[in-house]
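**Student:** Quick one: sequence plus predicted model below, questions after.
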Amino acid sequence: MINGQYSDGKTSQVTPAVGGMVSKYFEVKTTSGRFLIREKITLVEISSRLGNVPRTVNFPSGAQFISEDNEAIDKMTGEHLGKKNILYAIETHLVPVIFSTIFALLVCGWLIMEGIPLGTKLVVERLPEELTKAIGAGSIDALDYSLFDSSELAASKQREVRDLLQPLLKQHSSLGASIHFRSSEGANAFALPDGSIVLTDDLFDILYDDNELIAIVYHELGHLHHRHILRRVLQGSVISILVFLITGDLGNIDLIVGLPTLMADLAYSREFELEADSFAVKSMHEQHISVQHFSSMLQRISVNAENESKKIDDGLFKYFSTHPHVEERIKLVNRYLLESN
């Protein structure tokens, strides 16, 4: 007989007991010999062995017999049921453990680099436009509260820019895009989920002509067209859930777990930037605007960024940038020029 403890599943009381096979039944008695429960072996469920974790024999009534004598339970199930504990066999042999670990890492890597982006793209593309607008509603108001100041750009200049960009917005009216001017540190432009395209005052200090501004706005329209903002938010959430499922804790993610997660998120950002670049280049070509304006603008913005943080765009550190290496983006422009000629 196997030593263990018995619980009737109705009260919190636990009774020292012994259990084992009697003919085709699993029977449990107290250590003094008093009968507790008896059930056909085909109706009870015996938990699989996992290390030295106590085993549980579950009865249909909810009662349980729990034992730490794994060897005795293995012997019993092997002799009477002909069962082999495959999980425990794998766990106790080095080669299966190595292959299982490699397989798990490959699956996780595929999920992060391919599966999650593909899944979130399919989900976001099927969201109704009204829902995406509702999700992004109030985003610019929140940024005004925490990040932006009112634009100091002259009202006449703002009207001039709006008139210049109106044909672009009309061309892609389904995106519901609108232009907003704000004052913030650095030359920047970005799109929000509700269709707002924000242009900072400093951006106009580094632009040479209107075509470069058009290139920038086409790029932001590309982000809206592909719903990059929502995709990145959703991907970040899925990665956090995946990390939680693997580690069991989001509060104490160490560098080994957190760094790959960060790099994956940045890789998504770089992919989105290239996708928006492709949209901008294609749109400019269709409107008979030289894409060289886009290339020269990229180089100038890159030089401006390097003056602030030169090391971020060099060598290994380029992988920690949310934007692709500028040479990669210029190659995309040149490749498009070759393909379109």
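**Tutor:** Cool, the structure landed.
**Student:** Could you use CA atoms for every contact and neighbour count after this?
**Tutor:** Noted.
**Student:** continuing past the host helix or strand of residue 3, what's the next helix or strand?
**Tutor:** If you go by DSSP states H and E, residue 3 is part of strand 2-7. Once strand 2-7 ends, the next helix or strand along the chain (criterion: DSSP H and E) is strand 14-22.
**Student:** Which neighbouring elements make contact with that following strand?
**Tutor:** Counting contacts by 3 or more Cα pairs under 8 Å, 6 or more residues apart in numbering; DSSP states H and E, strand 14-22 is packed against strand 2-7, strand 25-30, helix 70-80.
**Student:** at 7 Å what do you get?
**Tutor:** Packing partners of strand 14-22 (3 or more Cα pairs under 7 Å, 6 or more residues apart in numbering; DSSP states H and E): strand 2-7, strand 25-30.
**Student:** strand partners of it, parallel vs antiparallel please.
**Tutor:** strand 2-7 (antiparallel), strand 25-30 (antiparallel) (DSSP bridges).
**Student:** Tell me which of those lies nearest to residue 108.
**Tutor:** strand 2-7 (39.1 Å; Cα to Cα).
**Student:** what is the rounded mean pLDDT of that closest one?
**Tutor:** Strand 2-7 shows a mean pLDDT of 92.
**Student:** Span of stretch 20-31 from start to end?
**Tutor:** Length of stretch 20-31, first residue to last, Cα to Cα, to the nearest Å: 13 Å.
**Student:** Report the buried residues of that stretch.
**Tutor:** 20, 21, 26, 27, 28, 29, 30 (16 or more other Cα atoms under 10 Å).
**Student:** Work out the gap between it and the centre of the chain.
**Tutor:** Centroid separation between stretch 20-31 and its chain, computed with Cα atoms, centre = their mean, to the nearest Å, is 50 Å.
**Student:** With just CA atoms, put the strand holding residue 3 into CSV.
**Tutor:** Coordinates of each C-alpha in strand 2-7 appear next as CSV, following Å, rounded to 0.1, in the frame of the first residue of the first chain:
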residue,chain,number,x,y,z
ILE,A,2,1.0,3.6,-0.6
ASN,A,3,1.3,6.1,2.2
GLY,A,4,-0.4,9.5,1.8
GLN,A,5,-3.2,11.8,2.9
TYR,A,6,-6.9,11.7,2.1
SER,A,7,-9.3,14.7,1.6
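**Student:** could you give the angle of that strand to helix 70-80?
**Tutor:** Interaxial angle of strand 2-7 relative to helix 70-80 (axes from the mean of the first three to the mean of the last three Cα atoms, to 10 degrees): 100 degrees.
**Student:** So which residues of the stretch 151-300 of the chain form helices?
**Tutor:** Per DSSP state H, counting those that start in this stretch, the stretch 151-300 of the chain carries helices over the ranges 155-171, 203-206, 210-225, 228-247, 255-286, 292-308.
**Student:** helices or strands up against the fourth one?
**Tutor:** Applying 3+ Cα pairs under 7 Å, 6+ apart, we find helix 228-247 packed against helix 116-125.
**Student:** hmm, 6 Å instead?
**Tutor:** Helices and strands touching helix 228-247, by 3 or more Cα pairs under 6 Å, 6 or more residues apart in numbering; DSSP states H and E: there are none.
**Student:** Name the residues of that helix that are buried.
**Tutor:** For helix 228-247, burial by neighbour count (16+ other Cα under 10 Å) applies to 228-232, 234-236, 238-240, 242-243.
**Student:** can you give me the mean pLDDT across that helix?
**Tutor:** Mean per-residue pLDDT for helix 228-247: 73.
**Student:** And for the first one?
**Tutor:** Throughout helix 155-171, pLDDT has a mean value of 93.
**Student:** buried sites along that helix?
**Tutor:** Using 16+ other Cα under 10 Å as the test for burial, helix 155-171 gives 158, 161, 165, 168, 169.
**Student:** Nice, that's everything, thank you.
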